[in-house]
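Asker: Quick one, structure for this:
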Amino acid sequence: MHFEPLDYDNAAIGSEIRWLGHIPVMGFITSVEEYGWVDEGENGVVSHSYYVVVANCDGTTHEFDLSALAIYCPPVMVKVPD
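Answerer: Below is the predicted model:
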């Protein structure tokens, strides 16, 4: 197992998250919520982005917006299988 930046492809319930920002996060993804529905005609209605909800080891809950992560690139890391 190794850590890599969190993105659309590796956000999964139960994955371990680490972020050493102003409020450190060391926890697990408890849900992935879609938001921002867009009608793309032939493709139908699709989700614009996702919120990842993380249960932190200190009992707090944090949300990460995957669109914002793609733009601002904070070092949110997720543990994924080798």
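Asker: Assign residue 38 to helix, strand or coil.
Answerer: Following DSSP: H, G, I helix; E, B strand; the rest coil, we place residue 38 in the strand state.
Asker: State the number of residues packed around residue 45.
Answerer: Here the count is done by other CB atoms under 10 Å, and residue 45 has 9 residues near it. Every residue, glycine included, has its C-beta placed from N, CA and C.
Asker: give the contact list for it.
Answerer: Residues in contact with residue 45 (CB atoms under 8 Å, 6 or more residues apart in numbering) are 37, 38, 39.
Asker: The first one touches residue 44, doesn't it?
Answerer: This points to residue 37. No. The criterion here is CB atoms under 8 Å, and residue 37 misses it with residue 44 at 10.2 Å.
Asker: just the contacts of residue 45 now: which is nearest residue 48?
Answerer: Taking CB to CB as the measure, residue 48 sits nearest to residue 38 out of these, at 5.2 Å.
Asker: Work out for me the element the residue nearest to the closest one when sequence neighbours are not counted sits within.
Answerer: Using CB to CB, 6 or more residues apart in numbering and skipping residues adjacent in sequence, the residue nearest residue 38 is residue 48, 5.2 Å away. Take DSSP states H and E as the rule and residue 48 turns out to sit in strand 45-56.
Asker: For that strand, the averaged confidence score.
Answerer: Average pLDDT, strand 45-56: 85.
Asker: Rebuild the contacts of residue 45 as a markdown table, extending it with pLDDT and distance to residue 66.
Answerer: Formatted as a markdown table, these follow (pLDDT from 0 to 100; distance: CB to CB, whole Å):
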| residue | pLDDT | distance to residue 66 |
| --- | --- | --- |
| 37 | 76 | 15 |
| 38 | 74 | 15 |
| 39 | 75 | 20 |
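Asker: still on that earlier bit, could you give me the buried positions within the strand holding residue 48?
Answerer: Within strand 45-56, the residues scored as buried using 16 or more other CB atoms under 10 Å are 49, 50, 51, 52, 53, 54, 55, 56.
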